[in-house]
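Visitor: I need the structure of the sequence given here:
(one chain, ligands or ions: 2)
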Amino acid sequence: MAESSSTIAKPKIELGSKTVQELLLLAKGEQQVPEKYIHKVGAPDDSSVQLKDIPVIDLDLLLTPSSTTQQLENFRTALTTWGCFQVINHGMTPEFLDEVREMTKQFFALPLEEKQKYLREVNDIQGYGNDKVISQQQTLDWTDRLYLSVYPQEARKLKLWPQNPQSLRGTLEQYSRKLQVVTKTVLVAMARSLNLDDNCFWEQYGEKGKMDVRFNLYPPCSRPDVVLGLKPHADGTIITLLLQDKQVEGLQFLKDDQWFRAPIVPGALLINVGDLAEILSNGIFKSPVHRVLTNPEKERISLAAFCLPELDKETEPFESLVNESTPKLYKKVKNYDRTFFDYYQQGRRPIEASKI
Ligand SMILES: O=C(O)CCC(=O)C(=O)O
Ligand SMILES: [Fe+2]
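Guide: Ligands and ions are numbered 1, 2, ... in the order given. Down below sits the predicted model:
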């Protein structure tokens with residue numbers, strides 16, 4: 001159902017909440033999970049969720065002339081059915097990816113006071129903390145995070161970039177530079193797979209395109225039957241590039257109304273279409289709904305990089321994808337990420353509001 005963005009309540013103030021790690025420290029081994037994390041409806045019934053291979057795309061082959069047709073065809077199918085794929089040969093060694101995972105673990109393993117040096121300020125998104133709490137009714141996610149803008153350079157708030165572990169700043173710089181290269185290749189391939197001008201997705205991202213990274217920690221949870229690491233959502237991005245934990249699963253995708261577990265492919269990055277690429281492609285690419293489950297024994301980490309258009313850039317379906325037989329399906333949107341979290345926390349999808 002289409003709805004106008006004015007129907008979403010705009011929070012004036014944010015209500016405070018503790019990080020999950022802090023909560024666990026205070027609980028001193030007590031198993032009780034606070035009420036506000038418990039899903040009374042939509043609890044994660046995991047009993048019939050299957051593991052299904054998400055398409056694997058070799059980035060090295062994607063744009064080479066000799067293999068273009070078949071590779072691009074597979075790529076397009078991945079984006080129109082799953083809305084996500086695992087990418088290999090992306091230019092980063094398994095050792096380097098392990099280093100990125102390791103620094104993520106090391107950061108979350110620091111004493112609370114150390115992490116709190118980088119605390120997110122109320123109503124800001126960058127920094128260490130957890131869910132933005134905008135209503136007492138909100139069911140919270142069992143996750144702590146460190147959210148940092150890496151591009152454009154001027155969006156960086158370096159005082160929130162941890163100096164401990166010492167390697168974090170340098171490794172993050174290196175990792176995000178590599179991700180920019182992957183992003184460009186993927187965006188060009190997306191255009192090519194739709195027979196559009198090579199640069200059309202890349203231009204939407206823009207020279208000042210935003211890349212925000214979110215380090216996620218999902219501590220063990222004694223009630224995985226009723227608590228979620230992340231509520232079902234689709235991303236408000238053009239694309240999202242995700243580095244998954246190497247040992248612990250948890251991510252699931254909704255496809256044809258069924259949940260599927262995302263397998264771990266240790267050397268791969270998992271890339272998914274976000275709402276903005278769904279809009280640009282006039283609905284041809286699917287921005288998939290996904291969620292993260294909790295694990296009773298093991299903690300899980302992940303690192304998501306969100307690619308968003310530069311500030312004030314307007315996003316609407318490419319004209320060449322709109323004609324009499326395929327009418328325009330989405331309205332123009334701008335600064336989409338600003339309203340995204342308000343919808344998310346109410347368990348709603350912002351893309352509904354832009355549907356015509
Ligand atoms: O932790 C994961 O595997 C997924 C993270 C995610 O979906 C997000 O940060 O938007
Ligand atoms: Fe996500």
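Visitor: looking at this, Val87 is in a strand?
Guide: Yes: assignment of Val87 by DSSP: H, G, I helix; E, B strand; the rest coil places it within a strand.
Visitor: could you measure from it over to Leu269?
Guide: Using CB to CB, to the nearest Å, one gets 5 Å for the distance from Val87 to Leu269. C-beta here means a position set from N, CA and C on the backbone, and glycine is covered the same way.
Visitor: which parts of whichever strand or helix holds Trp259 are buried?
Guide: For Trp259, the element it lies in under DSSP states H and E is strand 258-261. Residues Trp259, Phe260, Arg261 are the ones in strand 258-261 that count as buried (16 or more other CB atoms under 10 Å).
Visitor: okay, and the common contacts of Val87 and Leu269?
Guide: Shared contacts of Val87 and Leu269 (CB atoms under 8 Å, 6 or more residues apart in numbering): Val182.
Visitor: show me the contacts for Asn272.
Guide: Asn272 makes contacts with Gly83, Cys84, Asp235, Ile239, Thr240, Leu242, Phe253, Ser287, Pro288, His290, as judged by CB under 8 Å, 6+ apart.
Visitor: change it to 7 Å
Guide: Gly83, Cys84, Asp235, Ile239, Thr240, Pro288 (CB atoms under 7 Å, 6 or more residues apart in numbering).
Visitor: am I right that the last one sits in a strand?
Guide: No: according to three-state DSSP, Pro288 belongs to no strand; its state is coil.
Visitor: and it, how many neighbours?
Guide: The number of residues packed near Pro288 is 21, by other CB atoms under 10 Å.
Visitor: any idea how far it lies from Pro317?
Guide: 19 Å.
Visitor: pLDDT score assigned to Lys36?
Guide: If you check Lys36, the pLDDT there is 89.
Visitor: residue contacts, it?
Guide: Contacts for Lys36 were tallied using CB under 7 Å, 6+ apart; they are Thr139, Leu140.
Visitor: how many neighbouring residues does Gln116 have?
Guide: Neighbours around Gln116, by other CB under 10 Å: 14.
Visitor: now do the SS call for it.
Guide: Per three-state DSSP, Gln116 ends up helix.
Visitor: follow-up on the earlier one: now do the strand holding Trp259: which elements does it pack against?
Guide: The contact analysis (3 or more CB pairs under 7 Å, 6 or more residues apart in numbering; DSSP states H and E) places strand 258-261 against strand 50-51, strand 251-255.
Visitor: name the residues that touch the longest one?
Guide: Identification of contacts with strand 251-255 by CB under 7 Å, 6+ apart yields 49, 82, 84, 232, 244, 259-262, 288-293.
Visitor: where do the strands sit along the stretch 101-250 of the chain?
Guide: Counting by DSSP state E, counting those that start in this stretch, the stretch 101-250 of the chain has strands at residues 127-129, 144-151, 210-218, 228-233, 239-244.
Visitor: mind checking which of those strands is nearest Val33?
Guide: strand 228-233 (11.4 Å; CB to CB).
Visitor: can you state the direction angle for the closest one and strand 144-151?
Guide: Angular relation of strand 228-233 and strand 144-151 on a 0 to 180 degree scale: 50 degrees, by axes from the mean of the first three to the mean of the last three CA atoms, to 10 degrees.
Visitor: adding mean pLDDT and distance to ligand 1, write the strands of the stretch 101-250 of the chain out as a markdown table.
Guide: Formatted as a markdown table, the strands of the stretch 101-250 of the chain follow (pLDDT from 0 to 100; distance: least, CB to the nearest ligand atom, whole Å):
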| stretch | mean pLDDT | distance to ligand 1 |
| --- | --- | --- |
| strand 127-129 | 94 | 14 |
| strand 144-151 | 97 | 8 |
| strand 210-218 | 97 | 5 |
| strand 228-233 | 94 | 6 |
| strand 239-244 | 98 | 6 |
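Visitor: what's the closest of the ones you listed to Leu110?
Guide: With CB to CB as the measure, strand 127-129 is the member of the strands of the stretch 101-250 of the chain nearest Leu110 (9.8 Å).
Visitor: buried ones in that closest one?
Guide: Neighbour-count burial for strand 127-129 [16+ other CB under 10 Å]: Gly127, Tyr128, Gly129.
Visitor: if you count residues, where's the longest helix of the chain?
Guide: The longest helix of the chain (DSSP state H) is helix 168-193.
Visitor: which other helices and strands does that one contact?
Guide: Applying 3+ CB pairs under 7 Å, 6+ apart, one finds that helix 168-193 contacts helix 59-62, helix 68-81, helix 94-108, strand 144-151, helix 200-205, strand 210-218, strand 239-244, strand 300-308.
Visitor: now that helix, how far from the centre of its chain.
Guide: Its chain's C-alpha centre and that of helix 168-193 lie 15 Å apart, by CA atoms, centre = their mean, to the nearest Å.
Visitor: for that helix, buried residues please.
Guide: For helix 168-193, burial by neighbour count (16+ other CB under 10 Å) applies to 168, 171-172, 175-176, 178-180, 182-183, 185-193.
Visitor: mind putting the helices and strands packed on helix 168-193 in JSON lines, mean neighbour count and distance to Ser135 included?
Guide: Output for those, formatted as JSON lines (neighbours: other CB atoms under 10 Å; distance: least, CB to CB, whole Å):
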{"stretch": "helix 59-62", "mean neighbour count": "18", "distance to Ser135": "41"}
{"stretch": "helix 68-81", "mean neighbour count": "17", "distance to Ser135": "34"}
{"stretch": "helix 94-108", "mean neighbour count": "17", "distance to Ser135": "27"}
{"stretch": "strand 144-151", "mean neighbour count": "22", "distance to Ser135": "20"}
{"stretch": "helix 200-205", "mean neighbour count": "21", "distance to Ser135": "33"}
{"stretch": "strand 210-218", "mean neighbour count": "22", "distance to Ser135": "22"}
{"stretch": "strand 239-244", "mean neighbour count": "24", "distance to Ser135": "26"}
{"stretch": "strand 300-308", "mean neighbour count": "24", "distance to Ser135": "24"}
